[in-house]
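Trainee: structure for this input, please:
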Amino acid sequence: MNDETLSRLRPVDGSPAAIHAALAAVRTEQAAAMQRAADAAECRTALLLTGTTAAIRDAEEAIRTAELDALQCLAIEVALKGKLVAASATEAGERRAAQVRDAAAKVEAFNVWFIRKHTKHAAALAVGLELEHAAIRAREGLRSDGVIPDLPPLVRAHVGSDARGLGFLTRLPAAEAGTEPFWWPGRG
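Mentor: Numbering: from 1, shown residues only. Alright, predicted model coming up:
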């Protein structure tokens, strides 16, 4: 195998794609080398009956060269397969690392929002939910004596066709462990 052929069989870089391309070139070269060995063996057989010893030696040298090229291709293929496993693992590791970095950035974005905004927004929503709860108790108190006054309806949140009070649907947990939630249905 000459330097030019050997150079063609080497991957251009360490990526799985380059190694796959080199493997394809190696397999093509190996098939060509095996065909050259078969052709040289056929030629030698014919020369054994009619050729000179120099021609027979040249045919035998062509067989050995072609067989050596095929063996070298096999050795290159084995080496490339090992490199492919390592390159694929590295590429998979890099993809996984990118996924981990992306997930960490999303977690950090949520944590920053939660720390900066949750307490303020949850406290404001809790005020509204307490107002709703007080309005519901006041309406129920008025109904207990049998007199149903003409009051405006309470605004309702909808889940499908089910209309509920916002307090029934909303849960506002505390921002810190061990502290009371801002709003939790059924508490107090």
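Trainee: all helices for the protein, in order.
Mentor: Here the chain has its helices, by DSSP state H, at 3-8, 16-50, 53-113, 119-143, 166-169.
Trainee: point out the most buried one among those helices.
Mentor: Of all the helices of the chain, helix 166-169 has the most neighbours on average by mean count of other Cβ atoms under 10 Å, namely a mean of 17. The C-beta positions use only the backbone N, C-alpha and C, and glycine is treated the same way.
Trainee: low-confidence ranges in this protein?
Mentor: Along the chain, segments meeting pLDDT under 70 span 156-170, 183-188.
Trainee: re the thing from before, of all the helices of the chain, which one comes closest to residue 179?
Mentor: Closest approach to residue 179 among the helices of the chain (Cβ to Cβ): helix 119-143, 10.2 Å.
Trainee: between that closest one and helix 53-113, how big is the angle?
Mentor: Using axes from the mean of the first three to the mean of the last three Cα atoms, to 10 degrees, the inter-axis angle of helix 119-143 relative to helix 53-113 is 50 degrees.
Trainee: would you list the helices of the chain in JSON lines and tack on distance to residue 175?
Mentor: Converted to JSON lines, the helices of the chain look like this (distance: least, Cβ to Cβ, whole Å):
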{"stretch": "helix 3-8", "distance to residue 175": "64"}
{"stretch": "helix 16-50", "distance to residue 175": "46"}
{"stretch": "helix 53-113", "distance to residue 175": "11"}
{"stretch": "helix 119-143", "distance to residue 175": "5"}
{"stretch": "helix 166-169", "distance to residue 175": "20"}
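Trainee: so which of those helices comes closest to residue 181?
Mentor: With Cβ to Cβ as the yardstick, what comes closest out of the helices of the chain is helix 119-143 (8.4 Å).
Trainee: other SSEs contacting that closest one?
Mentor: Under the contact criterion of 3 or more Cβ pairs under 8 Å, 6 or more residues apart in numbering; DSSP states H and E, helix 119-143 touches helix 166-169.
Trainee: how about the nearest residue to residue 40, chain neighbours excluded?
Mentor: Leaving out its chain neighbours, the residue that sits closest to residue 40 by Cβ to Cβ, 6 or more residues apart in numbering is residue 62, at 3.8 Å.
Trainee: gap between the one you found and residue 144?
Mentor: Counting by Cβ to Cβ, to the nearest Å, the separation of residue 62 from residue 144 is 110 Å.
Trainee: related to what we said a few turns ago, who's in contact with the residue nearest to residue 40?
Mentor: Neighbouring residues of residue 62 by Cβ atoms under 8 Å, 6 or more residues apart in numbering: 36, 40, 43.
Trainee: looking at the residues you listed, which is nearest residue 68?
Mentor: residue 36 (10.8 Å).
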